[in-house]
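Chemist: this one's sequence-less:
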């Protein structure tokens, strides 16, 4: 079981205009998107591939923040997502 929170800041086509479909916005007008952040958490059983006995309680946490107004190239010096954290661990550790 998990949960996810998406925070999106964009410029709409006009004051009072209906909210666009997210996928269409990203495809047809990606320049309108100014900021995107996603935070996710989930809990569930790990398996032996993680190096623990199968069924061990696990916890997943992920945070990514994109500052899409930057002039970066997505490379090491111009990352559009400068704040990223992904953690997969045994629950309680």
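Modeler: Sure thing, it's come through. These numbers come from a predicted model, not from an experiment. Residues are numbered from 1 along each chain as shown.
Chemist: in the protein, which spans are helices?
Modeler: 22-28 (DSSP state H).
Chemist: which residue ranges of this protein form strands?
Modeler: 2-10, 33-45, 57-67, 83-90 (DSSP state E).
Chemist: turn those into JSON lines, including mean neighbour count, distance to residue 17 and mean pLDDT.
Modeler: Glycine gets a C-beta too; all of them are placed from N, C-alpha and C. Below are the strands of the chain laid out as JSON lines (neighbours: other Cβ atoms under 10 Å; distance: least, Cβ to Cβ, whole Å; pLDDT from 0 to 100):
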{"stretch": "strand 2-10", "mean neighbour count": "12", "distance to residue 17": "11", "mean pLDDT": "93"}
{"stretch": "strand 33-45", "mean neighbour count": "14", "distance to residue 17": "15", "mean pLDDT": "92"}
{"stretch": "strand 57-67", "mean neighbour count": "16", "distance to residue 17": "23", "mean pLDDT": "90"}
{"stretch": "strand 83-90", "mean neighbour count": "11", "distance to residue 17": "30", "mean pLDDT": "90"}
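Chemist: make a markdown table out of these and add distance to residue 20.
Modeler: Shown next, in a markdown table, are the strands of the chain (distance: least, Cβ to Cβ, whole Å):
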| stretch | distance to residue 20 |
| --- | --- |
| strand 2-10 | 8 |
| strand 33-45 | 10 |
| strand 57-67 | 18 |
| strand 83-90 | 26 |
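Chemist: among the ones you listed, which comes closest to residue 22?
Modeler: strand 2-10 (7.3 Å; Cβ to Cβ).
Chemist: name every strand pairing with the closest one and say which way it goes.
Modeler: Each strand paired with strand 2-10, and its direction, by DSSP bridges: strand 33-45 (antiparallel).
Chemist: what angle sits between the partner strand and strand 57-67?
Modeler: Orientation check (axes from the mean of the first three to the mean of the last three Cα atoms, to 10 degrees): strand 33-45 against strand 57-67 gives 180 degrees.
Chemist: kind regards, and thank you for your time.
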